[in-house]
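> Attaching a predicted model along with its sequence, questions to come.
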Amino acid sequence: MACDKNHSGLKAIMSSLPTDQGGVGRHKCAACAYEAGYHAGYDIDGTLSIDNVLINLEESQAGAQRHKSPHTAFALGYYNGVRQRTIDDN
């Protein structure tokens, strides 16, 4: 089933990600992967891995996140979550 979440706030981030047409995660929602990575980084959830995220992601939808790498999206979200947590802790 295709993702029906409103990811319009992530359009600029999704546009900056590389295109990914193959492999594990193909046709998965990169915006959902970004959000999962962000929360994992912000909350320091060491149990959440990209493999677990990919299994549970909705299919991608049209828009900026279509055919974008969910692996890169998760990693960028994780980085941004850690960075924001560091800012919030100071």
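Done, it's in. Not measured: the values here are computed from a predicted model.

> What pLDDT is listed against the spatially most central residue of the chain?
Centroid-nearest residue in the chain: Tyr34, 1.8 Å away (criterion: C-alpha atoms, centre = their mean). For Tyr34, the pLDDT comes out at 93.

> where does it fall, phi/psi-wise?
Note on Tyr34: its backbone torsions stand at phi -60, psi -50 [degrees, to the nearest 10].

> can you tell me which helix in this protein is longest?
The residue-count maximum for a helix in the chain (DSSP state H) belongs to helix 70-89.

> hmm, who's touching stretch 38-56?
With contact meaning C-beta atoms under 8 Å, 6 or more residues apart in numbering, stretch 38-56 is reached by 24-25, 28, 33, 36-37, 70-71, 74-75, 77-85. Any C-beta I mention is one placed from the backbone N, CA and C, and that applies to glycine too.

> what comes up buried for it?
Using 16 or more other C-beta atoms under 10 Å as the test for burial, stretch 38-56 gives 38, 40-42, 48, 50, 53-54.

> Can you report how many residues neighbour Asn90?
5 (other C-beta atoms under 10 Å).

> do Asp89 as well
The tally of other residues near Asp89 (other C-beta under 10 Å) stands at 6.

> where exactly do the helices run in the protein?
Using DSSP H, the helices of the chain run over 11-16, 30-43, 50-56, 70-89.

> With respect to Asp4, which of these lies nearest?
In terms of C-beta to C-beta, the element of these nearest to Asp4 is helix 30-43, at 10.8 Å.

> Direction-wise, compare the closest one with helix 70-89 and give the angle.
30 degrees (axes from the mean of the first three to the mean of the last three C-alpha atoms, to 10 degrees).
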